[in-house]
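> how does the following fold in three dimensions:
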Amino acid sequence: MRELVSQLQPQYPFLENAVCLDQNAGKGGAIYAGWDAAREKNFQWLAFVDADGAVSAKETMRVISEAVSVPVESKACTWAVRVRSDDTKIRRTFLRKILGNIFRLLVKLTFHLPVRDTQCGLKCLPAEAYWKVRHHLVEKRFVFDVELCMQLVREGYLIRENPISWNESSGSTLNMKSALRMLISLVGVRWRILKRPRKSNSLQ
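Okay, here's the model as predicted:
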């Protein structure tokens, strides 16, 4: 990865050096490590997209462009969502679809978040929003999205949905065992949320 980035930097000088961790810190841990490293550059926006290609480059650029067109002062964070519409096409395996719908229902009933799909692998938010909640972010695995979303809402940030086309890639590691781990992690996130006092001006 470091070699690839160094080869691309002469042509794309805006590319930062690759952030490589010595140990597997989980998906959330990897994303947070990259965002933490960006602090020195004083970026206004932070984003990530899954590397498996399920979201096309065209869709990625569209969502990010629309996200950063909103003034930072509006306190809006963008969550891409896999919702079928006239403008989007969703391709998922039957197992992923069933497990995903069950997970969405559990998140909806437990957290009452203003977003239908917390787990979609494309998000963009103001850097200041991330730093407001950074010290509350504990979850580093597959449900880090739920904790991030919940903490942002509690800080008064608006979560904006942006429907995207999604073409599920092969080689997924999601199975019944990992689904069980996600459910256990959800319980941990919920417990930490309950222990943290809510700010009086936060959203529901």
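> just the helices in the chain please.
Taking DSSP state H, the helices of the chain run over residues 2-8, 26-37, 57-68, 94-111, 127-133, 144-154, 176-195.
> how about the contacts made by Arg134?
Contacts for Arg134 (C-beta atoms under 8 Å, 6 or more residues apart in numbering) come out as 32, 36. Any C-beta I mention is one placed from the backbone N, CA and C, and that applies to glycine too.
> typo on my end, Lys123
So Lys123 contacts 47-48, 77-80, 145, 148 (C-beta under 8 Å, 6+ apart).
> any stretches of this protein with poor pLDDT?
Residues of the chain meeting the criterion pLDDT under 70: 171-176, 197-204.
> go again using 80 as the cut-off
Low-confidence segments of the chain (pLDDT under 80): 169-180, 195-204.
> which one of the contacts of Lys123 is nearest to Val55?
Ala80 (7.0 Å; C-beta to C-beta).
> looking at it, Gly29 is touching Lys140, isn't it?
Yes. Between Gly29 and Lys140 a contact is recorded at 3.7 Å, counting by C-beta atoms under 8 Å.
> related to what we said a few turns ago, okay if I get the helices of the chain as CSV plus distance to Asn162 and mean neighbour count?
Below are those laid out as CSV (distance: least, C-beta to C-beta, whole Å; neighbours: other C-beta atoms under 10 Å):
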stretch, distance to Asn162, mean neighbour count
helix 2-8, 27, 11
helix 26-37, 18, 17
helix 57-68, 5, 15
helix 94-111, 17, 14
helix 127-133, 16, 18
helix 144-154, 14, 23
helix 176-195, 23, 13
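> of all those, which lies closest to Gln119?
helix 144-154 (5.5 Å).
> what's the offset of that closest one from the middle of its chain?
Put simply, helix 144-154 sits 9 Å off its chain's centre (C-alpha atoms, centre = their mean, to the nearest Å).
> now do stretch 148-158
13 Å.
> hey, C-alpha coordinates of that stretch in PDB?
These are the backbone C-alpha positions of stretch 148-158, laid out as PDB (Å, rounded to 0.1, in the frame of the first residue of the first chain):
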ATOM      1  CA  LEU A 148     -20.500   7.100  15.600                       C
ATOM      2  CA  CYS A 149     -24.000   8.000  14.400                       C
ATOM      3  CA  MET A 150     -25.500   8.000  17.900                       C
ATOM      4  CA  GLN A 151     -22.800  10.200  19.300                       C
ATOM      5  CA  LEU A 152     -23.100  12.700  16.500                       C
ATOM      6  CA  VAL A 153     -26.900  12.900  17.000                       C
ATOM      7  CA  ARG A 154     -26.400  13.400  20.700                       C
ATOM      8  CA  GLU A 155     -24.100  16.300  19.900                       C
ATOM      9  CA  GLY A 156     -26.800  17.900  17.800                       C
ATOM     10  CA  TYR A 157     -25.600  17.000  14.300                       C
ATOM     11  CA  LEU A 158     -28.000  16.200  11.500                       C
END
